[in-house]
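*Asks:* Sequence and predicted structure below; questions after.
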Amino acid sequence: MSILTITSENFEAEVLRSDVPVLLDFWAAWCGPCRMVSPVVDEIAEETPGIKVGKVNVDEQEALASAFNIMSIPTLVAVKDGKVYKSVTGARPKEAILALFD
């Protein structure tokens, strides 16, 4: 699957109403650890068809970052059936990110 840019406008349709689990990557362009985890998130999007992957730029989507109480980035959030299932903050290896969906 390709990576989606998640905004306040498409959040409900792409995340809350998704028929598959969603991985949200809360990030910012100035964030070094975000740049480290980004290729890993990209790999997950390409290699895991059962998970929808979306990226939320916290500088552009302040309302979404606030709604998820994002205090540090990167924060990775697993959403299933429209509800937050698990989340982690900081750069993680691929296996740890995929474990959010176990």
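*Replies:* That came in fine, so what should we check first? Numbers count the residues shown, from 1 in each chain.
*Asks:* Next, count neighbours for Pro93.
*Replies:* Around Pro93 sit 10 other residues, with neighbours defined as other Cβ atoms under 10 Å. Yep, even glycine has a C-beta here, placed from its N, CA and C like the rest.
*Asks:* what about it, distance to Trp30?
*Replies:* Pro93 sits 23 Å away from Trp30, taking Cβ to Cβ, to the nearest Å as the criterion.
*Asks:* same question, Val37
*Replies:* Following Cβ to Cβ, the distance that separates Val37 from Trp30 is 14 Å.
*Asks:* So between the two, which is more surrounded?
*Replies:* The neighbour count for Val37 versus Trp30, taken as other Cβ under 10 Å, is higher for Val37 (21 against 9).
*Asks:* pretty sure the more buried one is in a helix, no?
*Replies:* Yes. When DSSP: H, G, I helix; E, B strand; the rest coil is applied, Val37 is found to be in a helix.
*Asks:* what's it in contact with, if anything?
*Replies:* Applying Cβ atoms under 8 Å, 6 or more residues apart in numbering, we find Val37 in contact with 25, 27, 74, 76, 91-92, 97.
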